[in-house]
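J.: just a sequence and a predicted model for now, questions to come.
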Amino acid sequence: MAEVLVVADDLTGANATAAGFASVGLRAATVSAAAGAEVVTDMVSRFDVVVATTDSRHAAPAAAAQAVRAVVGAGWPARLVCNRIDTTLRGNVGATTEAVLAEVRARSGARVVAMCAPAHPAAGRHTIGGTQLLGGRRLEETEVARDARTPMRTSDIVEILRQQATLATHVVPMATVTGPREALVAELRGALDAGTEVIVADATTEEHLDRIAAAAVAAAEGTDVLWVTSDPGPGSVAMATALGLDGSGRGAPLLVVSGSATELTRRQLQQLAADRGAHLHRVPTLEGSAVPDVDAAAAVLADALDGAGADDVVVLATVLEDDDVRPTSPEDADRIPRALAAAVRRIMERHPVEGLFTTGGDVTAAVLAELGSHGLEISGEVEPLAVAGTVVGGPWDGLHVVTKGGLVGDATTTVTCVDHLRQTVELDRRHVSSAQTRTAR
């Protein structure tokens, strides 16, 4: 399931909303559901946030509502469902808000309430007294009043909702939003107790949106209320954050696999432990041999990854100290990388890692082969002879990788490579995909 499912009425708004979720560390994708909602079903298993555009801003209200319900049905379940509306409230605001409420209620069996906080402070859209302002002016005083398809004759949000839907609404004024938190929570709880279906909240800053969302979550504690949102995006991101869906604590550790016995590699791994707190683990070997014991090595790695957090670096190495270096026959030299790679794959099938660094040419080749890779898509050199890229093909397609030989660099090279891998992974978390469904159509 996706953490967040967003139904947007146009593509540009969908992309902007996905970018907002990506900025807080959630993997977000946009997908067009204009030709059919079934494309959403495959997306929700691949991303934290799926933003599906229905291209229905200027459709008839009934058609827009039907498209919204179809997307919610195709993407259900989700921990938060959002109705992405226009920042100037053009289109089918009432019809789509009512549709989200109805479909989530039908799917969840819970009482569903919409938080409508349509301010977009960064874009100069503010809400004061339940009135939407564009650059400090009421909508009917701006050029959107002359929009060819949906001219805005009012900036009263409740009135705009009522043009297409019959919903019990409650406006939370700026004085309450900016006042004591206890008073804000109490007002929201009172609105819930009174049977409100849509809460319209004033806001002029991102902080206001955060306060509203946090108070909404607090007000619903101990009740059967399930929140949905209806806004241009920032309010939904604030609600996701308040619900703990902001990507903090998400992710997986980085894995370092070393099959090199060089003195330089040993110094590099010790430097990594000293500078970045990497957890070093020696590979168990078969009795009287330098060949890894696959079962024992897998157990060591499993325990290490079980105890690792998203910011940790776990190292599995055949050699960590001088005493670990043993005479090795040519036959064992061939077996070592294959056994190590087998243990790595076994554990990666059950324990996610967010990036992989390998040192030692034979081990790198063996690990990539074991992972079913067709090769690497190279993005560049981190340092001379230390290469960064992503896995191509196989179950780990797209996994970020940095690799180098055992005699490459100086004592700090592995630290540099792992730092590069970390930065690449963190940037990727904030990347918005325009995803293609894997379902044949």
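T.: Received, thanks.
J.: run the chain-centre distance for the biggest helix by length in the chain.
T.: Criterion DSSP state H: the longest helix present in the chain is helix 330-348. Centroid separation between helix 330-348 and its chain, computed with Cα atoms, centre = their mean, to the nearest Å, is 33 Å.
J.: rounded mean pLDDT for that helix, please.
T.: Average pLDDT, helix 330-348: 94.
J.: and that helix, which residues are buried?
T.: For helix 330-348, a neighbour-count test (16 or more other Cβ atoms under 10 Å) marks 332, 335-348 as buried. Every C-beta, even on glycine, is put in place using the N, C-alpha and C of the backbone.
J.: so which bits of the helix or strand containing residue 280 are buried?
T.: Here residue 280 is covered by strand 279-282, with elements defined by DSSP states H and E. By neighbour count on 16+ other Cβ under 10 Å, the buried set for strand 279-282 is 279-281.
J.: from those, pick the one nearest residue 423.
T.: Ranked by distance to residue 423 (Cβ to Cβ), the buried residues of strand 279-282 are led by residue 279 at 20.1 Å.
J.: count the residues that sit near the closest residue to the closest one other than its chain neighbours.
T.: Spatial nearest neighbour of residue 279, excluding adjacent residues (Cβ to Cβ, 6 or more residues apart in numbering): residue 314 at 5.3 Å. Neighbour count of residue 314, defined by other Cβ atoms under 10 Å: 22.
J.: what packs against the helix or strand where residue 314 lies?
T.: When elements are assigned from DSSP H and E, residue 314 belongs to strand 313-317. With contacts taken as 3 or more Cβ pairs under 8 Å, 6 or more residues apart in numbering; DSSP states H and E, strand 313-317 sits against strand 254-258, helix 263-276, strand 279-282, helix 294-306, helix 330-348.
J.: got the angle for the longest one vs helix 294-306?
T.: This points to helix 330-348. 40 degrees (axes from the mean of the first three to the mean of the last three Cα atoms, to 10 degrees).
J.: direction included, what does whichever helix or strand comes after helix 330-348 pair against?
T.: Scanning forward in sequence from helix 330-348 by DSSP H and E, the next helix or strand is strand 355-359. Under the criterion DSSP bridges, strand 355-359 sits next to strand 254-258 (parallel), strand 400-404 (parallel) in its sheet.
J.: quick one: closest of those strands to residue 223.
T.: Among these, the nearest to residue 223 by Cβ to Cβ is strand 254-258 (41.3 Å).
J.: adding mean neighbour count and distance to residue 140, write the strands paired with strand 355-359 out as a markdown table.
T.: Shown next, in a markdown table, are those (neighbours: other Cβ atoms under 10 Å; distance: least, Cβ to Cβ, whole Å):
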| stretch | mean neighbour count | distance to residue 140 |
| --- | --- | --- |
| strand 254-258 | 27 | 54 |
| strand 400-404 | 26 | 50 |
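J.: including distance to residue 196 and mean pLDDT, could those strands go into TSV?
T.: Shown next, in TSV, are the strands paired with strand 355-359 (distance: least, Cβ to Cβ, whole Å; pLDDT from 0 to 100):
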stretch	distance to residue 196	mean pLDDT
strand 254-258	47	96
strand 400-404	46	96
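J.: of those strands, which is nearest residue 422?
T.: Residue 422 lies closest, by Cβ to Cβ, to one member of the strands paired with strand 355-359: strand 254-258, at 6.5 Å.
J.: show me where the stretch 151-300 of the chain has helices.
T.: For the stretch 151-300 of the chain, the helices defined by DSSP state H, counting those that start in this stretch cover 157-162, 174-177, 181-193, 206-220, 234-242, 263-276, 294-306.
J.: between the ones you listed, which gets nearest to residue 30?
T.: helix 234-242 (14.2 Å).
J.: who's in contact with the closest one?
T.: With contacts defined as Cβ atoms under 8 Å, 6 or more residues apart in numbering, helix 234-242 is touched by 3-4, 6, 17, 20-21, 23-24, 26, 80, 82, 84, 115-122, 201, 203, 206, 209-210, 212-214, 216-217, 227, 229, 246.
J.: ok, the buried residues of strand 279-282 vs residue 387, which is closest?
T.: residue 280 (23.3 Å).
J.: and that closest one, what does it touch?
T.: 269-270, 273, 315, 317, 320.
J.: any idea how far residue 100 is from residue 10?
T.: According to Cβ to Cβ, to the nearest Å, residue 10 and residue 100 sit 16 Å apart.
J.: and these two? Which one has more around it.
T.: For residue 10 versus residue 100, neighbours defined as other Cβ under 10 Å are more numerous around residue 100 (25 against 19).
J.: Three-state assignment for the residue nearest to the more buried one when sequence neighbours are not counted, please.
T.: Closest residue to residue 100 apart from its sequence neighbours, by Cβ to Cβ, 6+ apart: residue 83 at 4.4 Å. Classification of residue 83 by DSSP: H, G, I helix; E, B strand; the rest coil places it in strand.
J.: below-threshold pLDDT in the stretch 101-250 of the chain: ranges please.
T.: The stretch 101-250 of the chain contains residues with pLDDT under 70 at 247-250.
J.: shouldn't residue 374 be in contact with residue 395?
T.: No. Using Cβ atoms under 8 Å, residue 374 and residue 395 do not qualify as a contacting pair, with a distance of 11.8 Å.
J.: and the longest strand along the chain, what does it pack onto?
T.: Using DSSP state E to assign secondary structure, the strand with the most residues in the chain is strand 375-383. Packed against strand 375-383 by the contact rule (3+ Cβ pairs under 8 Å, 6+ apart) you find strand 386-392, strand 400-404, helix 413-429.
J.: about what we covered before: who does the residue nearest to residue 279 form a beta bridge with?
T.: Beta-bridge partners of residue 314, as defined by DSSP bridges: residue 255, residue 279.
J.: show me what contacts it?
T.: Residue 314 touches 253-256, 278-279, 281, 301, 304-305, 308, 353, counting by Cβ under 8 Å, 6+ apart.
J.: could you report the distance from it to residue 269?
T.: For residue 314, the distance to residue 269 - Cβ to Cβ - is 12 Å.
J.: what is in contact with the two at once?
T.: With Cβ under 8 Å, 6+ apart, residue 314 and residue 269 have common neighbours 256, 278.
J.: now do the contacts for residue 363.
T.: 257-260, 318, 336-337, 340-341.
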